[in-house]
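> starting from these lines, generate the structure:
(chains A and B)
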Number of protein chains: 2
Amino acid sequence: MFTDEYFMKMALQEAEAAFEKDEVPVGCIIVSSNRVIARSHNLTETLNDVTAHAEMQAITSAANFLGGKYLQNCTIYITLEPCVMCAGALNWSQISKVVIGARDEQRGFINKNLTLHPKTEVVTGILANECSQIVLDFFRSKR
Amino acid sequence: MFTDEYFMKMALQEAEAAFEKDEVPVGCIIVSSNRVIARSHNLTETLNDVTAHAEMQAITSAANFLGGKYLQNCTIYITLEPCVMCAGALNWSQISKVVIGARDEQRGFINKNLTLHPKTEVVTGILANECSQIVLDFFRSKR
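Next up, the predicted model:
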């Protein structure tokens, strides 16, 4: 039951919540022992803050829940490949696993040759079509 | 009077405030039209949050002050070269100028071949000795 697809669907629900608020639709959740300990979506427009990406909020929230700043034994599910800022934050967090929906070839960290913490496992392509489609739909609606 | 050294001294005062709190002593200020609109220092231990670097707080604070998320016509003075996370955030902010005290060859963004926004001017080496000395003193006190 607790597959990567199961949790990515929850991250997609967060992306949908962002879309409803006219935010670039990216969502994420952080899971520890199959329990969701943080959920968030992009709020850069609502908060007028370029740092308010889904991942940044979730990292702060999960650390707050755990009472420690390192997210060992945690997995983050993100609908879109993290940008340089969020990859840097994930690196500091020492999170165990990063599961990515759609790739972001232009703004994502992978093509910038950045690596996360050596302990961090990275998986890409979980529900990739759904995760990229919602972003495409968003930008199409803006044209 | 309003030289880079003048404002870097204020950033160094922030780094000293971090040192007093047993935080890695990095400080920064953001200036717009020679007016300080944000000041902050590293609070990762105090807040139990890897994202609580001086620059991240200052970017959020300055955007809040300005009522907009882009920091055009602003200069950030940082005692230590920004890490990947903070460089990513500065890139999103489109800040006009980044003035760096000491280089951070290991964890800084420059050796990672990351660039900031094309509009952003970067200056390094302002009060570099003082800015690196406070970090060296901090880690020496930990041994």
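> all contacts plus neighbour counts: C-alpha atoms, from now on.
Will do.
> can you get me a residue count around residue A:59?
Look at residue A:59: counted by other Cα atoms under 10 Å in any protein chain shown, it has 28 neighbours.
> that one: which element?
helix A:54-66 (DSSP states H and E).
> centre-most residue in chain A?
residue A:78 (2.9 Å; Cα atoms, centre = their mean).
> quick check: that one vs chain B, distance?
Distance, residue A:78 to chain B, using Cα to the nearest Cα, to the nearest Å: 17 Å.
> isn't residue A:95 right next to residue A:63, touching?
No: Residue A:95 is not in contact with residue A:63 according to Cα atoms under 8 Å; the separation is 10.6 Å.
> more crowded one of the two?
Shown here are residue A:95 and residue A:63; by other Cα under 10 Å, residue A:95 has more neighbours (24 against 20).
> that one and chain B: what is the separation?
From residue A:95 to chain B the distance is 11 Å (Cα to the nearest Cα).
> what helix or strand is that residue on?
Counting by DSSP H and E, residue A:95 is found in no helix or strand.
> now it: closest residue in space, sequence neighbours ignored.
residue A:71 (4.6 Å; Cα to Cα, 6 or more residues apart in numbering or on different chains).
> then residue A:126?
residue A:101 (4.7 Å).
> list the contacts of the residue nearest to residue A:65 when sequence neighbours are not counted.
Among residues not flanking residue A:65 along the chain, residue A:37 sits closest, at 6.9 Å (Cα to Cα, 6+ apart). When the contact criterion is Cα atoms under 8 Å, 6 or more residues apart in numbering or on different chains, the partners of residue A:37 are A:29, A:30, A:31, A:61, A:62, A:65.
> quick one: mean pLDDT over the strand or helix carrying residue A:37.
Here residue A:37, judged by DSSP H and E, is contained in strand A:35-41. Averaged across strand A:35-41, the pLDDT comes to 98.
> what strands line up against it, and which way round?
strand A:27-32 (antiparallel) (DSSP bridges).
> isn't the residue nearest to residue A:95 up against residue A:93?
Yes: look at residue A:71 against residue A:93 with Cα under 8 Å: they come within range, at 5.5 Å.
> any residues in contact with both of those two?
By Cα under 8 Å, 6+ apart, the residues touching both residue A:71 and residue A:93 are residue A:59.
> what sits up against stretch A:121-135?
A:4-5, A:8-9, A:12, A:15-16, A:24-26, A:79-80, A:96-103.
> for stretch A:99-119, same thing?
A:4, A:8, A:75-84, A:87-88, A:90-92, A:94-96, A:122-129, A:131-132, B:112, B:114.
> distance check, the residue nearest to residue A:65 against residue B:131.
38 Å (Cα to Cα, to the nearest Å).
> select only the buried ones of the contacts of stretch A:121-135 in ChimeraX?
Here is the ChimeraX command that picks out the buried ones among those, judged by 16 or more other Cα atoms under 10 Å in any protein chain shown:
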select /A:4,8,9,12,15,16,24,25,26,79,80,96,97,98,99,100,101,102,103
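> about what we covered before: ok, now which ones touch the residue nearest to the centre of chain A?
Contact analysis of residue A:78 by Cα under 8 Å, 6+ apart lists A:8, A:11, A:26, A:27, A:28, A:29, A:55, A:98, A:99, A:100, A:101.
> part of a strand, is it?
Yes: assessed with DSSP: H, G, I helix; E, B strand; the rest coil, residue A:78 lies in a strand.
> and it, what are its bridge partners?
Here residue A:78, judged by DSSP bridges, has bridge partners residue A:28, residue A:100.
> check which helix or strand residue A:13 maps to.
helix A:4-20.
> summarise which helices and strands that helix is packed against.
If you count contacts as 3 or more Cα pairs under 8 Å, 6 or more residues apart in numbering or on different chains; DSSP states H and E, helix A:4-20 packs onto strand A:27-32, strand A:35-41, strand A:75-80, helix A:128-142.
> so which of the ones you listed is the most packed in?
When these are scored by mean count of other Cα atoms under 10 Å in any protein chain shown, the highest mean neighbour count falls to strand A:75-80 (a mean of 29).
> anything in the helix or strand just after that one near chain B?
Scanning forward in sequence from strand A:75-80 by DSSP H and E, the next helix or strand is helix A:84-93. Yes: using Cα under 8 Å from any Cα of the partner chain, helix A:84-93 comes into contact with chain B via A:84, A:85, A:86, A:87, A:88, A:89, A:92, A:93.
> now list the buried members of those.
Counted by 16+ other Cα under 10 Å, the residues of helix A:84-93 next to chain B give A:84, A:85, A:86, A:87, A:88, A:89, A:92, A:93 as buried.
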